[in-house]
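A.B. asks: no sequence on this one, just coordinates:
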């Protein structure tokens, strides 16, 4: 079993930046696709970004493209979500996830095998 633990959430003003981290209990990120999803109150879970296991391919939701970047450090068993130019509509609980298999954008949350508990991001106007 693999455990994923997110950190780095918090309260930030619009236009600000945050970096979320997702640490794995063992070294899986060099062989797993990773994804970030978010869920705002009263809304469905939404895809944010995904990254192939070799970090060569990534996919971003249109709403965050150009503002968010996902990357990983395999030596630290950690994947990151760098968020810039944050907007109030980015407010949500952000969760990281990991899945085995061949990378194919991987925007469907039901395809992921492992999930973190989530971290709250609140952007004030």
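C.D. replies: Yes, it's here. Owing to the predicted nature of the structure, the values given are computational and were not obtained by experimental measurement. Numbers count the residues shown, from 1 in each chain.
A.B. asks: Using the three-state scheme, assign the most centrally placed residue in the chain.
C.D. replies: Centroid-nearest residue in the chain, with C-alpha atoms, centre = their mean: residue 36, separated by 2.5 Å. Recorded secondary structure, residue 36: strand (DSSP: H, G, I helix; E, B strand; the rest coil).
A.B. asks: Please shift the residue numbers so they start at 656 in all later answers.
C.D. replies: Understood, numbering begins at 656; the last thing we discussed is residue 691.
A.B. asks: gap between it and residue 658?
C.D. replies: Residue 691 is 17 Å from residue 658, where distance means C-beta to C-beta, to the nearest Å. Where C-beta positions appear, they are placed from N, C-alpha and C, glycine not excepted.
A.B. asks: As a check, name the ranges of all strands in the chain.
C.D. replies: In the chain, the strands defined using DSSP state E lie at 659-662, 665-668, 673-679, 688-694, 701-706, 713-715, 723-728, 733-738, 747-754, 769-770, 774-779.
A.B. asks: Cool, thanks, talk later.
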